[in-house]
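Asker: Model the following, please.
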Amino acid sequence: MAAAATPLGAGFARLWTAAIASNFADGLGRTAVPLIATTLTRDPALIAGVSAVTFLPWLLFGIPAGMLLDRVDRRLAMAVANSLRFAVAAVLAVLISTDTLTIWLLYGCVLAFGLGETVFDNATSTVVPALVSRDQLDRANGRMQSAEITIQNFIATPIAGFLFAVAIVLPIWLTGAGFLVAGMLALSIPVAAAHAHQPDRVDGMLGTRPSLPAVIGFLWQQRFLRGMILLTSTTASALAFAQGSVVLLLLQTFAIPAALIGVVTAAVGVGALAGALVSSRFVARFGRGRVMFWSILVSGLGILAVGLSTDVWAAIAAYAVGAFGVAVWNVPWGALRQAVIPNAMLGRALGIVRTIGWGMTPIATVLGGFVARIDLRLPFVIGGGLVVVLALVASRLILSASAQVPAAEPIPEGQPS
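Answerer: Numbering: from 1, shown residues only. The predicted structure follows:
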């Protein structure tokens, strides 16, 4: 109980503040961009392509971003990344204002947004373990997750919907401003935590930074991590397959006005926020393995129920349940990675994990868009059903999460272990 009451510290508070500003911008953009896409095309496959392009940078730049963050000042990396996203938002706003935007130019802007995201989000994850103790990781990740959900779902997305109804370009300008503010706030993170990891002392000897092949080897040799990376990658793809055309499902199948899309997203976010807030408490009471198993099962059942619902309120409630499960899962999974992966390789390891995890989602999202041409509900049925099956098949692996212990920092090559 004493550890739970220990403050997370001023350094974490500064990171949290920068993340809030960036999440506000993300929430505006993720609501406004699909709505903008619907003004350019009504093809479900092309709409799903917008979501697919969002994840493509993780396939192309996830690992290089991780390598970068293990070598440079992470504060500067976050500031530069979000400055890039501000510039892209300004370009997109000009294209909209001059009526020269096409779906393909929108894809290009989304791709550039994603490149900045690979750096900023990876940096956020790698900085957390340097700012809090290991026994505070679940609570710190829960705080980050709940802030992300609150800002994106309850503040940014409703604002984006209303601004879009007034003028398409308004949420884009505000998105750019949010990215710029977040980048500047990142510079206030303590220097000791934000700098790239320095050589470690292991058993009294000076260590060296592990090479990329060594990081890959570590992840491959860890049987639990290897299995979990495969599981989360497949689950992420199934969820992306389901949700790629969700904006058309809301607009066409359930006849929700464009101005209220953000409000619906906020309603779904109630479930996600609840999950983020209770997750660390669930872990403390029931154990990480059991919490992770039930959360992934619930997320799949919720998404499946969306596809089976014929009533808009039932669909929104089911979506909220699915979001609850995803949020509960994200907190212990994030803390577990930070605990078992040595800090000297954390940036590159998380880059690899996210490249694998999100690298398959563009393909899955586009496939979901083509399936949505048959019926906009069908991707939810297939994607949610697949997540349920995955949870049951991998139940033994997931439940073993409670038995995992932090890994030791790597021993330098040529030194005794």
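Asker: Do a quick rundown of the strands in the stretch 201-350 of the chain.
Answerer: Assigned by DSSP state E, counting those that start in this stretch, the strands in the stretch 201-350 of the chain fall at 201-202, 205-206.
Asker: which intervals of the stretch 301-417 of the chain have sub-threshold pLDDT?
Answerer: Under the criterion pLDDT under 70, the flagged ranges of the stretch 301-417 of the chain are 405-417.
Asker: give me that answer again for 50
Answerer: Low-confidence segments of the stretch 301-417 of the chain, defined by pLDDT under 50: 408-417.
Asker: Ramachandran angles for Ile257?
Answerer: No Ile there; residue 257 is Pro. Pro257 adopts backbone torsions of phi -60, psi 150, taken as degrees, to the nearest 10.
Asker: how close does it sit to Val264?
Answerer: 10 Å (Cβ to Cβ, to the nearest Å). No exception for glycine: its C-beta is placed from N, CA and C like everyone else's.
Asker: ok, those two, which is more surrounded?
Answerer: Using other Cβ atoms under 10 Å as the criterion, Pro257 and Val264 rank with Val264 on top: 22 against 12.
Asker: list the helices and strands the host helix or strand of Ile363 packs on?
Answerer: Here Ile363, judged by DSSP states H and E, is contained in helix 361-372. Contacts defined by 3 or more Cβ pairs under 8 Å, 6 or more residues apart in numbering; DSSP states H and E place helix 361-372 against helix 44-69, helix 223-243, helix 378-393.
Asker: pLDDT score for the residue nearest the centre of the chain?
Answerer: Centroid check for the chain by Cα atoms, centre = their mean gives Asp121 as the closest residue, at 7.8 Å. With respect to pLDDT, Asp121 has a value of 82.
Asker: Roughly how far does it sit from Arg223?
Answerer: 27 Å.
Asker: Likewise for Val80?
Answerer: 37 Å.
Asker: got any ranges where this protein has weak pLDDT?
Answerer: 1-4, 196-207, 408-417.
Asker: tell me the angle the helix holding Ile363 makes with helix 44-69.
Answerer: Going by axes from the mean of the first three to the mean of the last three Cα atoms, to 10 degrees, helix 361-372 is angled at 170 degrees with respect to helix 44-69.
Asker: Tell me how far helix 361-372 lies from the chain's centre.
Answerer: 19 Å (Cα atoms, centre = their mean, to the nearest Å).
Asker: Pull the CA coordinates from that helix and hand them back as PDB.
Answerer: Extracted C-alpha coordinates of helix 361-372, given in PDB (Å, rounded to 0.1, in the frame of the first residue of the first chain):
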ATOM      1  CA  THR A 361      -2.500  -3.600 -39.400                       C
ATOM      2  CA  PRO A 362      -2.500  -1.600 -42.700                       C
ATOM      3  CA  ILE A 363      -3.100  -4.800 -44.600                       C
ATOM      4  CA  ALA A 364      -5.800  -5.900 -42.200                       C
ATOM      5  CA  THR A 365      -7.500  -2.500 -42.300                       C
ATOM      6  CA  VAL A 366      -7.600  -2.400 -46.000                       C
ATOM      7  CA  LEU A 367      -9.000  -6.000 -46.100                       C
ATOM      8  CA  GLY A 368     -11.600  -5.000 -43.600                       C
ATOM      9  CA  GLY A 369     -12.600  -2.100 -45.900                       C
ATOM     10  CA  PHE A 370     -13.100  -4.500 -48.800                       C
ATOM     11  CA  VAL A 371     -15.200  -6.800 -46.600                       C
ATOM     12  CA  ALA A 372     -17.200  -3.700 -45.500                       C
END
